[in-house]
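J.: Next comes the sequence, and after it the predicted model I'd like to discuss.
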Amino acid sequence: MDTSYPREDHSLAPSHKRELPPTLLTSPPPRDHLVWSIFNTLYMNFCCLGFVALAFSVKARDRKVCGDVEAAQRFSSKARCYNALATAGSLVLPLLLAALLITGVIHLSKLAQDSVGFFTYQFSPSDQEDK
């Protein structure tokens, strides 16, 4: 009698076999957006939203592995939302700062041109004769 390993009993009825939940059979598993979250975390975006997205992505992957599709879908949705915010912040903030910088440079150049015109005032010959 060999008792070193618990062995499977192949004489079980097919109803005792482990079956997948019906939600896994009908719909694809939720995406965990892990690569997108890692990119946003490494990019060091505004307010560390990439790190928050990474935490939710890992939770979504853990729940997906455990078979809890509903929780995986919730965490996946949150990860997608935070990733979208992080990506938008990473793209919009530099563009906004560049626009403000360009606008400031244009304004300062016009101001400098006006001040040069003020300091290089030419006196007319009739003004010099009055003195």
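T.: Happy to help now that I have it. Numbering: from 1, shown residues only.

J.: Please count neighbours and contacts with C-alpha atoms only from this point.
T.: Will do.

J.: Now do the longest helix along the chain: distance to the chain's middle.
T.: If you go by DSSP state H, the chain has its longest helix at helix 69-119. For helix 69-119, the separation from the chain centroid amounts to 14 Å (computed by C-alpha atoms, centre = their mean, to the nearest Å).

J.: helices and strands around it, which ones?
T.: Other elements packing on helix 69-119 under the criterion 3 or more C-alpha pairs under 8 Å, 6 or more residues apart in numbering; DSSP states H and E are helix 34-42, helix 49-66.

J.: same question for the longest one, mean pLDDT?
T.: On average, the pLDDT along helix 49-66 is 94.

J.: switch to numbering from 75
T.: With the count now opening at 75, the last piece we talked about shows up as helix 123-140.

J.: send the alpha carbons of it over as CSV?
T.: Provided in CSV are the C-alpha atoms of helix 123-140 (Å, rounded to 0.1, in the frame of the first residue of the first chain):
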residue,chain,number,x,y,z
LEU,A,123,-1.6,58.2,-10.2
GLY,A,124,0.5,55.5,-12.0
PHE,A,125,1.3,53.9,-8.7
VAL,A,126,-2.3,53.8,-7.7
ALA,A,127,-3.2,52.3,-11.0
LEU,A,128,-0.5,49.7,-10.6
ALA,A,129,-1.9,48.7,-7.2
PHE,A,130,-5.4,48.2,-8.7
SER,A,131,-3.9,46.3,-11.7
VAL,A,132,-2.1,43.8,-9.4
LYS,A,133,-5.4,43.4,-7.4
ALA,A,134,-7.3,42.8,-10.7
ARG,A,135,-4.7,40.2,-11.7
ASP,A,136,-4.9,38.4,-8.3
ARG,A,137,-8.7,38.3,-8.4
LYS,A,138,-8.6,37.0,-12.0
VAL,A,139,-6.3,34.2,-11.0
CYS,A,140,-8.4,33.3,-8.0
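
J.: Any idea how far that helix is from the middle of the chain?
T.: The gap between where helix 123-140 is centred and where its chain is centred comes out at 14 Å by C-alpha atoms, centre = their mean.
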